[in-house]
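Q: sharing a model prediction with you, sequence too.
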Amino acid sequence: MEKIWPMGCKKTPTEDKVNELLADPKFIAQMKIDGVRGILQFDVDGTPHLTTRGASVDDPETPIEITHRLPQLQRKYPRLAGTILDGEIWCPGYTSAEISGMVSYKSTVPVDHHIKLHVFDVLAINNNMTTGYMLKKRLPLLYNLYNEILCTHRGIEIVPFEVTEEDKRNLLYKELEEGREGIVLKNLTSTYRLGKPGKEAKPVNHWYKVKKKDTVDVTITGSELPEKYYKDPQTATLNLERLTKPYQMGWFGSITFMFKDEDGIIRYGSCSGITDNMKSKLSNGEHHIKDEYVGMVMEVEYMEKTSDGNLRHPRFVRIREREEK
């Protein structure tokens, strides 16, 4: 089995750039699925192996396999021997955090049988690598494969795409209006760049994501203390007789983080939006985050970047936990 790290998307930087790409006939549009990235490989006898971007603590060079968590993807397909597919593990109605919780290597949460791998690219067919082909050649190969074989697979769906400017704009408006992530604009003349261990490649002028909100992976540096007392909502004065729930429970207040922006400059911040269940899991009982989580990668969502390059209203999405087999 190949050790595959997927290709990712660049953020579309400005509204002018979005309009330029929507009008460019070289770019197609697909819905941006808010799930868990998955690479599905079929070995020499057609046995499937599904991996994510996560890696084992003991072997960071090897992506974690989660095939055992998805019975709907365990069927052997001898005709697909040596085939590699790229997609998103997802089911309508679930957030990426909920999907991640179900399909995680060590999870014991029942997996919804409606969850599928929504395929949008093909990296190899019968041991012939296609990553060097332009997307305009890979897409017909993927659709032929789907129509001939994959359409009978109960755990796989194909992600449709739009070509004309009008259809691309309509797809974007539809996805945003219905509360989903947005779209991905893909260059038909681009090849597929494999990532490095634990990291997606994000080559320029390949794939661009267009979202109402954006996300970024950051490194956890620690936590901030919670407020000790509740405040009067009208006067903002402290109620010294009423301790806050986070303080009573020994939870932290917010998680602090750092990240490098696209210019390599280190930025810092802290995020909110953490549920009580997550705070309980991550806290050490003494108002700090557990030491084991410091240094881990966390995904945060934000509205936009401020003029000084920091994140506006960052909110916790999930921790990309290191997993041990």
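A: That came in fine, so what should we check first? Numbers count the residues shown, from 1 in each chain.

Q: ramachandran angles for His23?
A: Actually, residue 23 is Ala rather than His. phi -80, psi -10 (degrees, to the nearest 10).

Q: I'd say it and Glu166 touch.
A: No - the pair Ala23 and Glu166 does not pass the contact test of CB atoms under 8 Å, sitting 10.3 Å apart. The C-beta positions use only the backbone N, C-alpha and C, and glycine is treated the same way.

Q: now stretch 296-314: mean pLDDT?
A: Stretch 296-314 shows a mean pLDDT of 82.

Q: and the end-to-end length of it?
A: 17 Å (CA to CA, to the nearest Å).

Q: so which bits of it are buried?
A: Under the neighbour-count criterion of 16 or more other CB atoms under 10 Å, stretch 296-314 has Met296, Val297, Met298, Glu299, Val300, Glu301, Tyr302, Lys305, Leu311, Pro314 buried.

Q: burial measure for Tyr173, as a count.
A: Per other CB atoms under 10 Å, the neighbour tally for Tyr173 reads 11.

Q: where does it fall, helix, sheet strand or coil?
A: Per DSSP: H, G, I helix; E, B strand; the rest coil, the secondary structure class of Tyr173 is helix.

Q: least confident secondary structure element in this structure?
A: strand 304-305 (a mean of 73; mean pLDDT, DSSP states H and E).

Q: contacts only, for the closest residue to Ile4 other than its chain neighbours.
A: In space, and not counting its chain neighbours, Ile4 is closest to Ile39: 4.6 Å by CB to CB, 6 or more residues apart in numbering. For Ile39, the residues meeting the contact criterion (CB atoms under 8 Å, 6 or more residues apart in numbering) are Ile4, Pro6, Leu50, Thr51, Thr52, Pro63, Ile84, Leu85, Asp86, Leu123.

Q: got it, and Tyr143?
A: Neighbours of Tyr143 in contact, by CB under 8 Å, 6+ apart: Ile158.

Q: so what pLDDT did it get?
A: pLDDT, read off for Tyr143, is 96.

Q: from Ile158, how far off is it?
A: 7 Å (CB to CB, to the nearest Å).

Q: secondary structure of the residue nearest to Ile4: a strand, I assume?
A: Yes - applying three-state DSSP, one finds Ile39 inside a strand.

Q: okay, now the unreliable bits of the stretch 201-325 of the chain?
A: 213, 232-236, 303-304, 321-325 (pLDDT under 70).

Q: now name the helix or strand holding the residue of the chain positioned farthest from its centre.
A: Taking CA atoms, centre = their mean, the residue of the chain most remote from its mean C-alpha position is Glu241, at 43.0 Å. Using DSSP states H and E, Glu241 sits in strand 238-243.
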